[in-house]
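**Q** Below are the sequence and a predicted model; questions follow.
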Amino acid sequence: MKKILLIQPSPYDHNKKPLKKKKLYFAGLALPLLAALTPKDYEVEIIFEILEDIPFETDANLIGISTMGHGVIRSIDIAMEFRKRGKTVILGGYMASIMAEEAQKYCDAVLIGDAELVWEELLQDYEKGTLKPIYKDRLEESWFSTPPPRFDLIMNKNLGDFLPVQAGRGCPHSCSFCSVACLYEGSYVKKPVAEVVRDIQQIKALGYRKFLLLDDNIFSDRVYLSKLIEEIKALGMEWMSQCDIRIGREHQLLDSLRNSGCTTLSFGLESIKKESLRAMNKAWANPDDYPALIRNIQDHGIDVSTEMVVGGEADTLESIEATKDFIEDNKISVPRFYILTPIPGTQFFKDIKAQGRLVKSDIYSFDGTEAVYTIPNMTPEELTKAYWTLYESLFTLKSIAKRNLFRKEFLKAPGKYLFYSVVNLYYRRQIKQRVIPNIF
Ligand code: B12
């Protein structure tokens, strides 16, 4: 039987060893989906390197490797290792898609964008010996379809208590730093509601009670979202997702979301400085509104998780310090931060490069914990220092307690806030070791 090995590499740690974890909480959908798109006469094996070692001596002749952010360096190293062994290597995923010319140097073919429309053609060409260096497609219609993901291939791995589902891809906004905007250019494509329900039912049948709707912005199409959550409600599951903070204005929708089992929403708030948001082409978000929007969402029983960046155009050491008060005042249980980083391929990267502001060229510095370009109000070294100081200041025992224990919701759900406190303590340890905090 023909065999393909699909790999989700793990990024290198500071000692250039692939990062390892005992458990993978946020399993991606790409490889189970790619496996489902693969014709039945192929045997497919999936490797999540974060959990397991790569079988370089595999009997598979075709190797598919995914790429994400700075982790692409590991993907390239794996690709070269397999090519040395005479295997045919395909690179796909976000990073290979937005820097395809570079990726092409290390593999036999790059698949740019969505695999749904070209994966089968690529496999046919491979069999005929006529593989092209680039396969490119992007779902352009407003609707797309996928087969049910092959979760059977990952059930033997140590995963968290939820599995991924996807309803839509893309986002109507075009924030200049965003890889999603770079690939989807402001478009939003979605799956028929019945198909999303089918995928959730599959997860339920596997014994899970929770799922992660890993869409980039579930508030992209309000009519679609309303229909979707009506159906989700009937499934009796708990779920989490991410979206545009302005959903906080929608009282009725928030009620329906909560009633459908939505427990947590994550928001890319980025900055408390309007001018910094404007420079990111994100002026549609107004930080003056953030506190009221967050409160509304929390008052509807949905936990708010935040992703923010420091190092925006108008950021100062004072505004970074003030971010601490913002997070504490708004009782954000598990805040996450990155240093604003121009990812190659994005508009932001093109602008910063054209302005001659890059101070690092090694992509491994582009992991969101190191300043890689200059900003007006501080040096890159000051920015990196301010970033870690912000993290440290929010992960003191006092701040963890303030955000998780001394809040009005604590008595209603003490177990949950104690769990968040434990996650905070875990993050605290990682911050001390200067490792980007995550539980993955
Ligand atoms: C789940 C997830 C993770 C999980 C991955 C778990 C795992 N091992 O499977 C975790 C939490 C570990 C993670 C970590 C990181 N992630 Co991540 N992650 C995601 C997320 C939310 C969903 C991915 C997903 O399953 N999507 C659904 C699938 C169906 O879509 P897809 O991945 O695009 O796959 C399609 C195509 O791209 C293509 N494809 C994908 N892979 C391959 C491989 C081959 C061979 C082929 C042919 C095709 C192909 O086919 C698929 C079907 O069309 C995305 C956001 C997003 N919009 O996708 C971010 C995202 C991919 N992550 C991102 C980043 C930056 C990271 C980190 C670098 C963060 C950090 N600073 O540490 C790390 C790197 C980890 C690594 N392994 O290298 C960025 C990537 C940006 C970029 N330019 O590359 C994204 C887009 C988030 C964002 N909005 O910026 N991530």
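**A** Here it is on my side, so go on.
**Q** Please enumerate the helices of the stretch 301-440 of the chain.
**A** 317-329, 347-354, 380-394, 397-404, 414-432 (DSSP state H, counting those that start in this stretch).
**Q** Just send these back as TSV, with mean pLDDT too.
**A** Listed next are these as TSV, based on pLDDT from 0 to 100:
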stretch	mean pLDDT
helix 317-329	97
helix 347-354	92
helix 380-394	97
helix 397-404	97
helix 414-432	94
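**Q** How many residues are close by the residue nearest to S187 when sequence neighbours are not counted?
**A** Using C-beta to C-beta, 6 or more residues apart in numbering and skipping residues adjacent in sequence, the residue nearest S187 is G170, 5.0 Å away. For glycine as for every other residue, the C-beta is placed from the backbone atoms N, C-alpha and C. Look at G170: counted by other C-beta atoms under 10 Å, it has 22 neighbours.
**Q** contacting residues for G170?
**A** Applying C-beta atoms under 8 Å, 6 or more residues apart in numbering to G170 gives the contacts 180, 183-184, 186-189, 216, 220.
**Q** Who are the contact partners of the nearest residue to Y94 once chain neighbours are set aside?
**A** Distance criterion C-beta to C-beta, 6+ apart; nearest residue to Y94, sequence neighbours excluded, is S179 at 5.4 Å. For S179, the contact set (C-beta under 8 Å, 6+ apart) comprises 69, 94, 98, 343, 345-346.
**Q** Provide the backbone phi and psi angles at L269.
**A** phi -80, psi -30 (degrees, to the nearest 10).
**Q** Oops, could you answer that again for E45 instead?
**A** phi -120, psi 140.
**Q** How about the one 5 residues further on?
**A** Here is the backbone geometry of I50 (degrees, to the nearest 10): phi -60, psi -30.
**Q** got a pLDDT number for it?
**A** With respect to pLDDT, I50 scores 96.
**Q** residue at max distance from the center of this structure?
**A** K128 (35.6 Å; C-alpha atoms, centre = their mean).
**Q** and the residue nearest to S187, what pLDDT?
**A** 94.
**Q** Give me the distance between P39 and the ligand.
**A** For P39, the distance to the ligand equals 14 Å [C-beta to the nearest ligand atom, to the nearest Å].
**Q** Filter the contacts of S179 down to the buried ones, ChimeraX style.
**A** Entered in ChimeraX, the line below selects the buried ones among these, by 16 or more other C-beta atoms under 10 Å:
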select :69,94,98,343,345,346
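**Q** filter the contacts of S179 down to the ones close to the ligand.
**A** 69, 94, 98, 343 (C-beta under 6 Å from any ligand atom).
**Q** Switch the residues you listed over to TSV; also include secondary structure.
**A** Converted to TSV, the ones next to the ligand among the contacts of S179 look like this (DSSP: H, G, I helix; E, B strand; the rest coil):
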residue	secondary structure
G69	helix
Y94	helix
I98	helix
I343	coil
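**Q** wait, which of those is closest to T396?
**A** Ranked by distance to T396 (C-beta to C-beta), those are led by G69 at 28.8 Å.
**Q** Residue numbers of the stretch 101-250 of the chain in contact with the ligand?
**A** The stretch 101-250 of the chain has residues 111, 114-116, 164, 166, 179-180, 214, 216 near the ligand, with proximity defined as C-beta under 6 Å from any ligand atom.
**Q** now stretch 336-343, how far from the centre of its chain.
**A** Computed by C-alpha atoms, centre = their mean, to the nearest Å, the separation of stretch 336-343 from the middle of its chain amounts to 13 Å.
**Q** try stretch 125-144
**A** 24 Å.
**Q** What is the burial count for the closest residue to K3 other than its chain neighbours?
**A** Using C-beta to C-beta, 6+ apart and skipping the chain neighbours, the partner closest in space to K3 is A60 (3.9 Å). Using other C-beta under 10 Å, the number of residues around A60 comes to 19.
**Q** Make sure A60 is indeed in a strand.
**A** No. If the criterion is three-state DSSP, then A60 is coil and not within a strand.
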